[in-house]
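*Asks:* Here is my input; please provide its structure:
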Amino acid sequence: MITDIEIAQSIKLKKIARIAEENSIPADEIVNYGSYIAKIPIKLINNERVQSGKLILVTAITPTKSGVGKTTVAIGLALGLSKIKKKAAVALREPSLGPCFGMKGGAAGGGYAQVLPMENINLHFTGDFHAVTSAHNMIAALLDNYLYQNKGKKTLKEILWKRVLDVNDRSLRNVITGLGTHGTPSETGFDITPASEIMAILCLAENIDDLKHRIGKIILGIDFQNKPLKVKDLGIEGAITVLLKDALNPNLVQTTENTAAFVHGGPFANIAHGCSSIVSTKSALTFFDYVVTEAGFGADLGAEKFFNIKCRKGKLHPCLTVIVVTSQGLKMHGGAENELQKPNSNAIITGLENLDRHLDNLASFGQTVVVAFNRYEFDTEEEIELVRSHCAERNTCFAVNNAFAQGSSGAVDLASLVVETIEKKPSPPLRFTYKEEDDIKTKIEKIAFEIYKAGDVQFSDRAEKMIRLASQINVEQLPVCIAKTQYSFSTDPKVFGVAKDFKMKINDVIINNGAGFIVAVAGEIMRMPGLPKLPNAVNIDIVNEKITGLS
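*Replies:* Predicted coordinates:
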């Protein structure tokens with residue numbers, strides 16, 4: 001089969017203004033970024049339409065290092081829905097340059113289920129990530145200037161604001177700034193841009209005023225009276241909002257079959273809340289009857305935060321969840337991690353325990369679920385039948401997705417099943433894992449015990465200190481975002497399957513006051529990834545003015 005980028009470059013794209021017109025989006029309102037990309041003003045959001053639309057979440061079992069094709073399934077489902085004459089769109093996160101040039105590659109789908117133009121989407125796109133990076137680092141520069149101008153005064157005893165960059169660069173995790181005759185040396189570091197609180201704010205803000213209000217609430221450090229210094233204390237929230245005013249508007253592109261796609265925002269699910277923006281989802285629901293979206297990594301990370309944070313704060317009501325499985329993922333959780341492409345029925349059967357845990361978790365939210373088997377060319381009918389039979393025993397709907405190889409035709413069965421299931425048994429109102437009025441420790445423990453099945457939760461001295469601070473500044477009502485490895489239910493990325501009764505150590509608590517959630521860092525988690533021995537960058541090139549090697 002030809003490569004993803006070769007497929008993408010073979011597709012005849014429609015002008016983005018035509019995509020808009022065909023879907024009742026006023027073409028004279030969109031802001032074109034070339035011929036095939038546009039931004040949609042958030043003023044077009046119609047909340048009545050949002051509430052009447054059918055929102056579908058695509059999530060997954062605990063993924064392998066190369067993923068399970070969740071984005072491909074989400075795009076494929078939108079293609080399949082369009083194929084059966086439903087007015088459908090997909091709403092996804094933007095890819096990060098770090099993984100794109102690192103190990104995982106791009107995040108625009110694969111095969112004949114992609115969002116296009118994939119080269120632009122996987123690279124600079126409309127500059128949203130650069131805007132977030134600039135806004136974040138502008139705050140850092142203005143904070144450093146504040147400290148410099150107040151040298152000799154007791155200002156901050158602890159600085160909480162680092163810098164960000166959208167690359168994987170382990171050398172930047174810990175750095176010293178301010179060297180030289182005019183600076184004040186201090187230890188700091190860089191996170192990757194998707195970990196920035198600005199990224200989370202962009203994805204949770206409802207409008208420009210909300211964006212500015214949230215930016216003003218960002219906590220930069222703690223003074224000697226144990227009071228937080230916020231962005232609004234520096235008087236710069238307006239200036240930072242100016243840098244983000246265009247980035248706030250969702251991006252409109254198209255799929256390999258010219259279905260509309262909204263691609264906006266990009267927080268990672270292992271270190272942030274892992275969902276595309278609220279305004280992107282609401283824009284799609286304004287103009288489409290069915291909107292397919294996704295949440296990062298497995299359902300324990302992405303779906304949990306999608307429900308407990310994004311849906312709670314955005315007043316969104318998903319009518320169904322699709323959970324993606326692959327034979328490779330099941331075999332990995334069944335103990336055959338080194339031979340994932342070889343037939344192994346026993347490993348499939350054992351690995352189904354991982355699927356069951358996720359299905360139980362999704363049921364705790366009240367979600368109606370469809371299992372989508374994302375098919376690869378090496379999958380056998382026997383393996384597929386094992387998963388189908390298991391789902392039948394659980395009274396869970398099941399379909400095979402073959403959109404990667406066949407486009408919309410390969411997703412018709414899944415799309416038809418999704419529509420039928422929504423019509424017969426739509427999900428009831430969400431049940432959340434915790435109440436907003438629960439204290440922070442209770443929220444963390446409820447997630448740890450109910451979603452991850454931990455046996456014990458322990459808090460470091462640092463975590464205890466930050467929880468006390470959260471109580472002092474009255475932000476205990478905020479939802480909790482667990483930052484942990486995406487490769488296991490436990491905090492050990494090498495423990496596959498269904499870890500339980502393990503000790504979950506909360507090493508740190510971060511108050512994302514502007515974003516409006518508390519980050520609980522469970523185990524060792526890297527906010528600035530490194531590059532592998534052979535990074536994907538070695539495959540990327542430009543030949544005869546065409547980009548090659550992107551995936």
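*Asks:* Would you map the strands across the stretch 201-350 of the chain?
*Replies:* Using DSSP state E, counting those that start in this stretch, the strands of the stretch 201-350 of the chain run over 219-223, 228-230, 251-255, 260-263, 290-294, 318-325.
*Asks:* Could you dump those into CSV and include mean pLDDT?
*Replies:* Shown next, in CSV, are the strands of the stretch 201-350 of the chain (pLDDT from 0 to 100):
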stretch, mean pLDDT
strand 219-223, 95
strand 228-230, 96
strand 251-255, 98
strand 260-263, 98
strand 290-294, 98
strand 318-325, 98
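*Asks:* what's the single longest strand in this structure?
*Replies:* Criterion DSSP state E: the longest strand present in the chain is strand 503-512.
*Asks:* next SSE after that one?
*Replies:* Counting by DSSP states H and E, the next helix or strand C-terminal to strand 503-512 is strand 517-522.
*Asks:* Partner strands of that following strand and their direction?
*Replies:* Strand pairing for strand 517-522, using DSSP bridges, gives strand 480-483 (parallel), strand 503-512 (antiparallel).
*Asks:* closest one to Asp210 among the ones you listed?
*Replies:* strand 503-512 (15.0 Å; CB to CB). C-betas here are computed from N, CA, C, even on glycine.
*Asks:* Which residues does that closest one contact?
*Replies:* Defining contact as CB atoms under 8 Å, 6 or more residues apart in numbering, one finds that strand 503-512 is touched by 160, 197, 200, 219, 228, 440, 444, 448, 452, 454-460, 462-463, 466-467, 469-470, 473, 475, 481, 490-491, 518-524.
*Asks:* Now intersect those with the helices, please.
*Replies:* Glu197, Ala200, Ile440, Ile444, Ala448, Arg462, Ala463, Met466, Ile467, Leu469, Ala470 (DSSP state H).
*Asks:* hang on, the earlier thing: of the strands paired with strand 517-522, which is nearest Leu243?
*Replies:* Leu243 lies closest, by CB to CB, to one member of the strands paired with strand 517-522: strand 503-512, at 18.9 Å.
*Asks:* Let me see the mean pLDDT of that closest one.
*Replies:* The average pLDDT within strand 503-512 is 97.
*Asks:* Give me the angle between that strand and helix 461-472.
*Replies:* 40 degrees (axes from the mean of the first three to the mean of the last three CA atoms, to 10 degrees).
*Asks:* angle of strand 503-512 against strand 219-223?
*Replies:* Angle of strand 503-512 versus strand 219-223, following the same axes, to 10 degrees, is 100 degrees.
*Asks:* how far out from the middle of the chain is strand 503-512?
*Replies:* Mean C-alpha position of strand 503-512 versus that of the full chain (CA atoms, centre = their mean, to the nearest Å) differs by 20 Å.
*Asks:* what's the answer for stretch 411-425, then?
*Replies:* 25 Å.
*Asks:* List the buried residues in the lengthiest helix in the chain.
*Replies:* The longest helix of the chain (DSSP H) is helix 128-149. Across helix 128-149, burial judged by 16 or more other CB atoms under 10 Å covers 128-140, 142-144, 146-147.
*Asks:* The residue positioned nearest the centre of the chain and Leu81: what is the separation?
*Replies:* The residue lying closest to the centre of the chain (CA atoms, centre = their mean) is Gly274, at 2.5 Å. Per CB to CB, to the nearest Å, Gly274 is found 23 Å from Leu81.
*Asks:* sorry, back to before: can you list the buried residues in the longest strand of the chain?
*Replies:* Buried residues in strand 503-512, counted by 16+ other CB under 10 Å: Met504, Lys505, Ile506, Asn507, Asp508, Val509, Ile510, Ile511, Asn512.
*Asks:* I'd like the strands paired with strand 517-522 as CSV, with distance to Ile40 appended.
*Replies:* Below are the strands paired with strand 517-522 laid out as CSV (distance: least, CB to CB, whole Å):
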stretch, distance to Ile40
strand 480-483, 27
strand 503-512, 26
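*Asks:* Ok, which of those comes nearest Gly334?
*Replies:* Comparing these against Gly334 with CB to CB, the closest turns out to be strand 503-512 (24.1 Å).
*Asks:* circling back: same list, the buried residues of strand 503-512, but as a markdown table with distance to Leu330 please.
*Replies:* Compiled in a markdown table, the buried residues of strand 503-512 are given as follows (distance: CB to CB, whole Å):
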| residue | distance to Leu330 |
| --- | --- |
| Met504 | 25 |
| Lys505 | 29 |
| Ile506 | 30 |
| Asn507 | 31 |
| Asp508 | 33 |
| Val509 | 35 |
| Ile510 | 34 |
| Ile511 | 38 |
| Asn512 | 35 |
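*Asks:* Go through these and name the one nearest Phe224.
*Replies:* Of all those, Phe224 sits closest to Ile511, with 18.2 Å by CB to CB.
*Asks:* Out of the strands of the stretch 201-350 of the chain, the one nearest Phe307 is which?
*Replies:* Shortest distance between Phe307 and the strands of the stretch 201-350 of the chain, using CB to CB, is found for strand 318-325: 7.7 Å.
*Asks:* Run the chain-centre distance for that closest one.
*Replies:* Offset of strand 318-325 from its chain centre (CA atoms, centre = their mean): 15 Å.
*Asks:* neighbouring contacts of that strand?
*Replies:* When contacts are defined by CB under 8 Å, 6+ apart, strand 318-325 is touched by residues 54-61, 68-70, 73-74, 77, 299, 303, 306-307, 311, 355, 358-359, 362, 367-374, 387, 401, 414, 418, 421-422, 426-427, 430.
*Asks:* Give me the PyMOL select line for those residues, limited to the buried ones.
*Replies:* Here is the PyMOL command that selects the buried residues among the contacts of strand 318-325 (16+ other CB under 10 Å):
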select buried, resi 54+55+56+57+58+59+60+61+68+69+70+73+74+77+299+303+306+307+311+355+358+359+362+367+368+369+370+371+372+373+374+387+401+414+418+421+422+427+430
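*Asks:* Now go through the contacts of strand 318-325 and say which are in strands.
*Replies:* Among the contacts of strand 318-325, the residues falling in strands (DSSP E) are 54-60, 369-374, 401.
*Asks:* TSV for those, including pLDDT?
*Replies:* Formatted as TSV, the ones in strands among the contacts of strand 318-325 follow (pLDDT from 0 to 100):
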residue	pLDDT
Lys54	98
Leu55	98
Ile56	98
Leu57	98
Val58	98
Thr59	98
Ala60	97
Val369	98
Val370	98
Val371	98
Ala372	98
Phe373	98
Asn374	97
Asn401	97
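*Asks:* Redo these as a markdown table? Include distance to Thr281.
*Replies:* Shown next, in a markdown table, are the ones in strands among the contacts of strand 318-325 (distance: CB to CB, whole Å):
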| residue | distance to Thr281 |
| --- | --- |
| Lys54 | 12 |
| Leu55 | 7 |
| Ile56 | 11 |
| Leu57 | 10 |
| Val58 | 13 |
| Thr59 | 15 |
| Ala60 | 19 |
| Val369 | 20 |
| Val370 | 20 |
| Val371 | 23 |
| Ala372 | 20 |
| Phe373 | 26 |
| Asn374 | 23 |
| Asn401 | 22 |
